[in-house]
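Novice: any chance you can model this:
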Amino acid sequence: MLFHVPPSLRHRKFRLLWIGLAISMAGSQMQVWALFWHIRTLTDQPIALGGVGLARIAPIIVFSLVGGAVADALNRRRVLFLTQAIMVLVALALTWLTFREETTLWHIYVLTAIQAVAISFDSPARQALVPNLVPSRDLPNAFSLTSIAHQSGAIVGPALSGLVIAYWGQAYTYLINAITYLAVIVALIWMGTVAQEVLPTRRKAVSWVSIIEGVHFIIGHPIILSTMLLDFFATFFSSARTLMPIFAQDILHVGAIGYGWLSAAESIGAMAAALIISQMIEIRRQGKVFLTSVLVFGLATIGFGLARTFSLAMLALILMGASDSVSTIIRNTIRQLQTPDHIRGRMTSVNQIFFMGGPQLGEVEAGVAAQLFGAPFAVVSGGIGCMLAVSWVARRWTQMVSYNGDEPVRAGATAD
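Specialist: Numbering: from 1, shown residues only. Sure thing, here's the model as predicted:
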């Protein structure tokens with residue numbers, strides 16, 4: 001198969017955003033995994049690692065719906081300027097505290113919560129902006145490329161995290177992350193203005209009425225709701241990354257560099273899958289592919305929990321990443337194409353509660369389960385729970401099983 005330039009990259013504004021995200025994601029992932037390692041050096045209690053998930057999800061639950069309404073009512077590009085600037089300041093605060101050797105668990109939790117507030121507004125604006133940058137025919141490809149940007153960063157970031165911690169020190173992981181956020185800010189400046197759909201008959205304001213309208217839209221569209229619910233339960237049960245320091249140090253007996261590669265393994269598989277999909281013209285039988293990919297994700301999670309060698313653990317994590325990438329691309333395409341532009345931000349904000357709530361609450365659950373029964377039990381039982389969730393969704397929403405991907409697109413859902 002000959003590789004060609006993905007069609008979404010032919011659009012200048014999306015290309016700028018994509019490059020900025022690819023750079024920024026590397027720094028963000030470096031900080032995520034550095035935080036887990038940092039916590040492990042401050043305490044040996046697994047439940048402390050789960051506390052990061054709680055610090056992330058609480059602000060998202062509180063602010064996400066408001067963030068979606070803001071993304072629909074205000075200029076999405078300007079919202080991203082503000083959220084990216086806040087995340088720069090959070091990274092710099094972590095840098096300063098770590099250089100001074102004054103970091104405590106509470107510092108990490110509070111700064112993580114502040115960043116989560118910014119993400120609550122950043123994610124709806126950023127995801128809703130993509131359909132404004134490419135035509136609808138290129139939207140699946142754009143999400144495939146977005147996945148590649150995320151996963152390439154999630155490979156480079158954790159790997160660099162281990163190297164930077166080992167040779168330079170913890171503080172530099174946070175400093176490098178602060179610098180990488182500038183890539184998105186520069187991209188937003190260079191792309192210039194971006195048109196958004198404006199409906200004169202609707203009052204563009206952030207209000208409870210507009211928020212409730214977004215929730216009602218999701219409830220009234222079973223094909224979208226079912227993908228969100230499966231996303232939540234699958235990631236809730238199969239969230240194991242906060243336990244990675246325990247697996248690296250206590251089970252697989254590898255150091256910081258080995259920890260970095262374990263942390264990057266899922267993204268290696270995810271990027272490989274996204275690259276393959278980016279070269280495909282279309283994906284048929286998308287419902288079955290989606291359900292199968294989540295089922296494989298659960299099986300691979302069980303494999304990781306049972307692994308006792310570095311190579312088998314890497315293989316299981318790579319398979320987890322590949323299957324998760326397939327499901328992510330398909331469900332994002334379904335949601336964005338079936339949602340009119342004027343409500344995309346609110347749809348994304350509801351989705352954010354599901355796709356971020358699942359793994360973050362799952363990290364809390366994994367920390368508690370590991371504290372009580374050990375890390376391997378927490379991971380294996382989570383994989384079983386993920387598979388049961390697939391079975392439930394397939395039986396409850398049969399239209400997902402029969403969804404092909406060439407069904408008529410909702411009116412108003414295409415990008416200009």
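Novice: please verify my assumption that Ala142 contacts Arg15.
Specialist: No: judged on CB atoms under 8 Å, Ala142 makes no contact with Arg15 at a distance of 10.2 Å. Placement of C-beta: from N, CA and C, glycine included.
Novice: could you pull out the helices for the stretch 201-350 of the chain?
Specialist: Secondary structure of the stretch 201-350 of the chain by DSSP state H, counting those that start in this stretch: the helices cover 208-219, 222-237, 244-246, 256-278, 286-306, 310-337, 344-373.
Novice: sorry, that was for the stretch 51-200 of the chain
Specialist: Assigned helices in the stretch 51-200 of the chain, in chain order: 76-99, 105-133, 139-167, 170-191 (criterion: DSSP H, counting those that start in this stretch).
Novice: minimum distance to Tyr403: which of those helices has it?
Specialist: helix 139-167 (14.0 Å; CB to CB).
Novice: ok, now which ones touch the nearest residue to Gly258 once chain neighbours are set aside?
Specialist: Spatial nearest neighbour of Gly258, excluding adjacent residues (CB to CB, 6 or more residues apart in numbering): Ala248 at 5.9 Å. Shown in contact with Ala248 (CB atoms under 8 Å, 6 or more residues apart in numbering): Val254, Gly255, Gly258, Tyr259, Leu262.
Novice: quick one: low-confidence ranges for the stretch 51-200 of the chain?
Specialist: The stretch 51-200 of the chain contains residues with pLDDT under 70 at 196-200.
Novice: try 50 this time
Specialist: Along the stretch 51-200 of the chain, the model assigns pLDDT under 50 to residues 199-200.
Novice: torsion angles phi and psi at Glu102?
Specialist: Dihedral angles of Glu102 (phi, psi; degrees, to the nearest 10) stand at phi -110, psi 10.
Novice: how deep is it tucked in, by neighbour count?
Specialist: Using other CB atoms under 10 Å, Glu102 has 9 other residues around it.
Novice: now swap in Glu101 and tell me
Specialist: By the criterion of other CB under 10 Å, Glu101 has 8 neighbours.
Novice: check Val350 too.
Specialist: Counted with other CB under 10 Å, Val350 comes out at 22.
Novice: what separation do you get for it and Gln84?
Specialist: Val350 is 23 Å from Gln84, where distance means CB to CB, to the nearest Å.
Novice: again, but for Pro140
Specialist: From Pro140 across to Gln84, the span is 26 Å (CB to CB).
Novice: so these two - more neighbours on which side?
Specialist: When Pro140 and Gln84 are compared for neighbours, Pro140 comes out ahead with 27 against 21, by other CB under 10 Å.
Novice: name the nearest residue to that one, sequence neighbours excluded.
Specialist: Excluding its sequence neighbours, the residue lying closest to Pro140 (CB to CB, 6+ apart) is Thr333, at 4.5 Å.
Novice: pretty sure that neighbour contacts Phe143?
Specialist: Yes: the criterion here is CB under 8 Å, and Thr333 meets it with Phe143 at 5.6 Å.
Novice: one step back: out of Ala142 and Arg15, which sits in the busier spot?
Specialist: The residue with more neighbours, out of Ala142 and Arg15, is Ala142; 28 against 18, by other CB under 10 Å.
Novice: got the contact list for the more buried one?
Specialist: Taking CB under 8 Å, 6+ apart, one finds Ser8, Phe14, Val130, Leu133, Val134 in contact with Ala142.
Novice: can you pull the contacts of the first one?
Specialist: Counting by CB under 8 Å, 6+ apart, Ser8 touches Phe14, Trp18, Val134, Asp138, Leu139, Asn141, Ala142, Ser144, Leu145.
Novice: pull the most distant pair out of these.
Specialist: Using CB to CB, those span at most 13.5 Å, a distance reached by Trp18 and Leu139.
Novice: so how far is Leu312 from Pro340?
Specialist: 46 Å.
Novice: actually Phe143, not the one I typed
Specialist: To Leu312, Phe143 is 31 Å away according to CB to CB.
Novice: these two: who's more crowded?
Specialist: Phe143 (27 against 14).
Novice: per-residue pLDDT, the closest residue in space to Val254 that isn't next to it in sequence?
Specialist: Residue nearest to Val254 in three dimensions, not counting chain neighbours: Ala248, with 5.2 Å by CB to CB, 6+ apart. With respect to pLDDT, Ala248 scores 82.
Novice: for Pro376, see how far away Ala248 is.
Specialist: 13 Å.
Novice: quick one: mean pLDDT for the host helix or strand of Trp18?
Specialist: Here Trp18, judged by DSSP states H and E, is contained in helix 12-42. For helix 12-42, the mean per-residue pLDDT is 87.
Novice: what's the angle from that helix to helix 139-167?
Specialist: With axes from the mean of the first three to the mean of the last three CA atoms, to 10 degrees applied, the angle from helix 12-42 to helix 139-167 works out at 40 degrees.
Novice: what about Leu94, neighbour count?
Specialist: The tally of other residues near Leu94 (other CB under 10 Å) stands at 27.
Novice: so it makes contact with Tyr174?
Specialist: Yes: in this structure, Leu94 is within contact of Tyr174 by CB under 8 Å, at 4.0 Å.
Novice: intersection of neighbour lists for these two?
Specialist: Contacts common to Leu94 and Tyr174, judged by CB under 8 Å, 6+ apart, are Gln31.
Novice: count the residues that sit near Ile189.
Specialist: So Ile189, with other CB under 10 Å, has 12 neighbours.
Novice: and the gap between the residue nearest to Ala93 when sequence neighbours are not counted and Val401?
Specialist: Leaving aside its sequence neighbours, Ala93 sits nearest to Leu111 (CB to CB, 6+ apart; 5.7 Å). In this view, Leu111 and Val401 are 43 Å apart by CB to CB.
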